[in-house]
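Asker: Sequence and predicted structure below; questions after.
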Amino acid sequence: MTLLTLLDYTAVLVFALSGALVASRAQLDIVGFAFFACLTGVGGGTLRDVLLDRNPVFWIADPTYLAVGCAAALLVFFTAHLLESRYRAILWLDAAALAFAVAAGSGIALALEKSAAIIVVMGILTGCAGGLMRDVVANEVPMVLKQGELYVTCALLGSVATVVCATLGLAPILAALACAGVTFGLRAGSLAFGWRLPVYKAFPPRQ
């Protein structure tokens, strides 16, 4: 198993767990759990592969990814009630999944010898699209749109770390570790310490 495949599997698993937890908050049945888990798990990677023209899309080439999503859904279906705060668990699982997914997305674009801009965009899309789909379908405010929340910024800077490491000629595993570390570190800081970006504040029009 290659490093990029391992990152994809890990991102799918952790994102699927967060998707299943969202299904638990909505009190859905087991099929609903599986739907949310798989949508969240493979959503970002699907968009990445379509845009990069990787044929077939990763989970079509290897349906084991769907099995991972369904297994995550089954696990959460029987254990979610044990969590004191499912929303808090979603936030931290999502942070970990974001780190793995951004590393996978930017790493795949790098392996395909894409330009720096495409590497950054693919990292952001892979990391953010699955969670965005999950939140929209669940009729919740997407995490990427919460006021001042460090989310897309984490994916952006993590992807930039991949580009910097590649420019310096570092090994792909070091680039992946740097990307995941930057992404998770910033997201964890946002959750634990309230790190925020300044937001736009409108002023009344001049008379």
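Answerer: Received, thanks.

Asker: Report all helices and strands that the strand or helix carrying residue 108 contacts.
Answerer: Applying DSSP states H and E as the criterion places residue 108 in helix 86-111. If you count contacts as 3 or more Cβ pairs under 8 Å, 6 or more residues apart in numbering; DSSP states H and E, helix 86-111 packs onto helix 3-25, helix 30-51, helix 116-137, helix 152-167, helix 172-193. All C-beta spots, glycine's among them, are computed from the backbone N, C-alpha and C.

Asker: Provide the angle between the direction of that helix and the direction of helix 3-25.
Answerer: Orientation of helix 86-111 against helix 3-25 (axes from the mean of the first three to the mean of the last three Cα atoms, to 10 degrees) gives an angle of 160 degrees.

Asker: Now find how far off-centre helix 86-111 is within its chain.
Answerer: Here the centre of helix 86-111 is set off from its chain's centre by 4 Å, with Cα atoms, centre = their mean, to the nearest Å.

Asker: buried stuff in stretch 182-194?
Answerer: For stretch 182-194, the neighbour count (16 or more other Cβ atoms under 10 Å) marks 182-184, 186-188, 190-191 as buried.

Asker: How about stretch 53-73?
Answerer: 57-59, 65-66, 68-73.

Asker: Kindly export it (C-alpha atoms) in PDB.
Answerer: Written as PDB, here are the backbone C-alpha positions of stretch 53-73 (Å, rounded to 0.1, in the frame of the first residue of the first chain):
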ATOM      1  CA  ASP A  53      -9.300  13.400 -14.600                       C
ATOM      2  CA  ARG A  54      -8.200  10.300 -12.600                       C
ATOM      3  CA  ASN A  55     -10.100   7.500 -14.200                       C
ATOM      4  CA  PRO A  56     -11.700   5.600 -12.600                       C
ATOM      5  CA  VAL A  57     -12.500   7.600  -9.400                       C
ATOM      6  CA  PHE A  58     -10.600   6.100  -6.500                       C
ATOM      7  CA  TRP A  59     -13.600   4.400  -4.800                       C
ATOM      8  CA  ILE A  60     -14.900   3.000  -8.100                       C
ATOM      9  CA  ALA A  61     -11.400   1.500  -8.700                       C
ATOM     10  CA  ASP A  62     -11.400   0.100  -5.200                       C
ATOM     11  CA  PRO A  63     -14.900  -0.300  -3.600                       C
ATOM     12  CA  THR A  64     -13.200  -1.200  -0.300                       C
ATOM     13  CA  TYR A  65     -13.400   2.500   0.500                       C
ATOM     14  CA  LEU A  66     -17.200   2.200   0.600                       C
ATOM     15  CA  ALA A  67     -16.800  -0.800   2.900                       C
ATOM     16  CA  VAL A  68     -14.700   1.300   5.200                       C
ATOM     17  CA  GLY A  69     -17.400   4.000   5.200                       C
ATOM     18  CA  CYS A  70     -20.200   1.400   6.000                       C
ATOM     19  CA  ALA A  71     -18.100  -0.200   8.700                       C
ATOM     20  CA  ALA A  72     -17.600   3.300  10.300                       C
ATOM     21  CA  ALA A  73     -21.400   3.800  10.100                       C
END
